[in-house]
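>>> sequence plus predicted model, see below.
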Amino acid sequence: MARLTVDDDALVLVPGLRDRLATRVGKLRVPLACVVKAEVLAEPWRCLRGRREHGLDVPDVAWKGVWRHPGGRDLILVRPEHGPCVQVDLRAPADFARIAVTVSDPQAVVERLRSALGAWEVRQAAARHAA
């Protein structure tokens, strides 16, 4: 199972071996400045949009790969049988428009990410005010 954590000013995704093989994506660091929002999806299939570019698509079992759509590309590492997933919407210059990941405690991950985003925004505002 993939791990989604916050390290300094970045969101870090560390996929498991099978996830890396299916998606062709290794460890991913996304600056917090690129994070638009994070939420828990009780119905994990809602994270899917567009067509699978490469990866694994077994309906209601596993979606792992990169999905392409008019707004860009999404990285999906979802196992619906394991419950809700975390969906993080991103903006440029991030490599993906969205990351959706099944993690062991999705609510805790989203709360940590939102807290880190709040702290990052406060630091940015203080830096702008000091300049």
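Thanks, I have it.
>>> so which strand or helix has the residue most central in space within the chain?
Taking Cα atoms, centre = their mean, the centroid of the chain lies closest to residue 99, which sits 2.9 Å from it. Taking DSSP states H and E as the definition, one finds residue 99 inside strand 98-101.
>>> pull the residues that contact that strand.
Counting by Cβ atoms under 8 Å, 6 or more residues apart in numbering, strand 98-101 makes contact with 2, 4, 13, 28, 30, 41, 44, 47, 49, 74-78, 85-90, all of which sit outside it. Just so you know, the C-beta spots here come from the backbone N, C-alpha and C atoms, and that holds for glycine as well.
>>> of those, buried ones?
2, 4, 13, 28, 30, 41, 44, 47, 74-78, 85-90 (16 or more other Cβ atoms under 10 Å).
>>> all strands of the protein, in order?
Assigned by DSSP state E, the strands in the chain fall at 3-7, 10-14, 28-31, 35-41, 51-58, 62-69, 72-78, 85-90, 98-101.
>>> for residue 130, find the nearest of those strands.
Among the strands of the chain, the nearest to residue 130 by Cβ to Cβ is strand 28-31 (20.5 Å).
>>> what's the pLDDT at the closest residue to residue 62 other than its chain neighbours?
Closest residue in space to residue 62, ignoring its immediate chain neighbours: residue 79 at 5.1 Å, by Cβ to Cβ, 6 or more residues apart in numbering. Each residue has a pLDDT score; the one for residue 79 is 93.
>>> quick revisit: measure the residue nearest to the centre of the chain to residue 15 for me?
Residue 99 sits 10 Å away from residue 15 when distances are taken as Cβ to Cβ, to the nearest Å.
>>> mutual contacts of these two, please.
Jointly contacting residue 99 and residue 15 under the rule Cβ under 8 Å, 6+ apart are 28, 77.
>>> what distance do you get for residue 121 to residue 85?
In this view, residue 121 and residue 85 are 25 Å apart by Cβ to Cβ.
>>> same question, residue 5
Using Cβ to Cβ, one obtains 16 Å as the distance from residue 5 to residue 85.
>>> report the contact partners of the nearest residue to residue 11 once chain neighbours are set aside.
Across the structure, with Cβ to Cβ, 6+ apart as the measure, the residue nearest residue 11 apart from its sequence neighbours is residue 30 (4.5 Å). Remark: with contacts taken as Cβ under 8 Å, 6+ apart, residue 30 is in contact with 10, 11, 12, 13, 88, 90, 94, 95, 99.
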